[in-house]
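Colleague: Below is the structure, and that's it, no one-letter string:
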């Protein structure tokens, strides 16, 4: 969409489409006219609940061992692209607004990196060029659909197998064998070596600086486990002076990574989000009075990840704890962990999003509670009572597609009846907002009410938020989503058709930039 005169034709998808996406074929590609479609929502949300204007609605797309994308190695570039477009279509149909895509799963890259080899999960051979730049493709296509792209990195995992000789000959782990620790059938970079910490930051920052991503995202893996069998004794002997024990030194190493990444991201790309999705239990109350009423694995002790401390010290823009437990679970009750994390995040400026276990719903071997079709929708209902919760991320995209038991459809029907803008980071709220767009017309055509929107100023917005009312708007009408009917990708000129619109409705448009700042609403138009 490089030409300022190019018109984007946007047709609304009805909410009913969301209920049918469980059958979407993974390899299905989407025509260009449909791929830019905005999702259209009904004229009024249920009276008992008013959805917020902003809410994180993301899903994780995992690449390691080809969990989600690409679905297998050996696909052609065109097949890989078609698969990825299908995931974006799924996200739109489910009412989501962001994808978190794993682009560095095992010290490798989904882009032409000067630091690490091409990922084997693209072609089946580590270091083999897939014939295109997957990261550039994914970022561009994601933005073309008005979705945010968060690049997901695993900091220290090197390989899912334990033989360094099987790494690419030019792999950093082959050039620096002292950087590598074998443990549990896998290979890891040693987090206790300052040169390793600097290197993995450089490797990840290469993607941050070269690509137009919306966020840098870590998952929950740092040290693999709290045990001396992870042999970092030489690094501890060299660098661990002044620490009371091995665990404290390892914890400080992870703290350094988190704090240094924040500084580097803020310097290089201050308007992107930086966050982590850790294991959902920091510490149990029996271990620490500040901990949660749980008895599960503790990230502070087991993974050397002081997740609570990162929030309290302001080192993250958001934290997305993986609360992969059902309501009432004895050792880790979802209903107890959400209030605990809400209290941790309150007043810190760190956004709280919840990692949701779509992968457990209706899966053989799971407790009976995960066979309750409403288990996940009840999670989001509980979240409503905790205003610190700013949304959810679903693991993983395959389970969002499969919709076992109709559990995802229930979430969409109960909680995503309106679109939502992405959360706005508090530190960016005072930045320069987009200029007010011009709503040129709102008139009846075959198929609904046609809107034509014109961007103003030199910089194009990222999205247009479209509001529909049965009267003239008041300022309060733009503070929540009760009248928000669509969020569509922006261009200089946009034509969008509201299939649920009718003569007599009043329309208003707000421009939204990439960080999420919004313009004043346009002058309203009365549909004729």
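Modeller: Done, it's in. Being a predicted model, the structure only gives us computed values, none of them experimental. Numbering: from 1, shown residues only.
Colleague: Near residue 347, how many other residues are there?
Modeller: By the measure other CB atoms under 10 Å, the count of residues near residue 347 is 9. In this view, the C-beta of every residue, glycine as well, is placed from N, C-alpha and C.
Colleague: same deal with the one 3 residues further on?
Modeller: The number of residues packed near residue 350 is 22, by other CB under 10 Å.
Colleague: Surely it and residue 320 touch.
Modeller: No: between residue 350 and residue 320 there is no contact under CB atoms under 8 Å: 10.6 Å.
Colleague: How about residue 526: what's its closest non-neighbour residue?
Modeller: Computed as CB to CB, 6 or more residues apart in numbering, the closest residue to residue 526 that is not its neighbour in sequence is residue 506, at 5.7 Å.
Colleague: If I look at that neighbour, what pLDDT would I see?
Modeller: On the pLDDT scale, residue 506 is placed at 98.
Colleague: can you list contacts of stretch 228-245?
Modeller: With CB atoms under 8 Å, 6 or more residues apart in numbering as the test, stretch 228-245 has contacts from 181, 183, 188, 190-194, 223-224, 246, 249-250, 252.
Colleague: Show me which of those residues are buried.
Modeller: 181, 183, 188, 190-193, 223-224, 246, 249-250, 252 (16 or more other CB atoms under 10 Å).
Colleague: Widest-spaced pair of those residues?
Modeller: 183 and 252 (19.9 Å; CB to CB).
Colleague: I'd like to know which elements the longest helix anywhere in the chain is packed against.
Modeller: Counting residues, the longest helix in the chain under DSSP state H turns out to be helix 246-268. Secondary-structure packing of helix 246-268 (3 or more CB pairs under 8 Å, 6 or more residues apart in numbering; DSSP states H and E): helix 194-210, strand 215-218, helix 233-239, strand 273-276, helix 307-312.
Colleague: what bridges to residue 487?
Modeller: residue 465 (DSSP bridges).
Colleague: For it, give me its contacts.
Modeller: Residue 487 is in contact with 38-39, 97, 146, 419-421, 463-466, 512, counting by CB under 8 Å, 6+ apart.
Colleague: Contact partners for the residue nearest to residue 526?
Modeller: Neighbouring residues of residue 506 by CB under 8 Å, 6+ apart: 468-473, 524-527.
Colleague: Which one of those residues is nearest to residue 171?
Modeller: For the contacts of residue 506, the nearest to residue 171 is residue 468 (54.5 Å; CB to CB).
Colleague: Show the pLDDT at the residue nearest the centre of the chain.
Modeller: By CA atoms, centre = their mean, the chain has its centre lying nearest to residue 100, at 3.7 Å. Looking at residue 100, its pLDDT reads 98.
Colleague: Next: residue 394.
Modeller: What the model reports as pLDDT for residue 394 is 98.
Colleague: What of residue 494?
Modeller: On the pLDDT scale, residue 494 is placed at 97.
Colleague: Tell me if I'm right that it and residue 488 touch.
Modeller: Yes: Residue 494 is within contact range of residue 488, at 6.7 Å (criterion: CB under 8 Å).
Colleague: how about the helices in the stretch 301-450 of the chain?
Modeller: With helices called from DSSP state H, counting those that start in this stretch, the stretch 301-450 of the chain shows them at 307-312, 334-345, 375-383, 397-402, 407-415.
Colleague: Throw those into a markdown table and include mean pLDDT, thanks.
Modeller: Below are these laid out as a markdown table (pLDDT from 0 to 100):
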| stretch | mean pLDDT |
| --- | --- |
| helix 307-312 | 98 |
| helix 334-345 | 98 |
| helix 375-383 | 98 |
| helix 397-402 | 98 |
| helix 407-415 | 98 |
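Colleague: Out of those, indicate the one that is most buried.
Modeller: Mean neighbour count (mean count of other CB atoms under 10 Å) peaks for helix 397-402 among the helices of the stretch 301-450 of the chain, with a mean of 23.
Colleague: Could you list every helix and strand in contact with that one?
Modeller: Applying 3+ CB pairs under 8 Å, 6+ apart, one finds that helix 397-402 contacts strand 56-61, helix 77-93.
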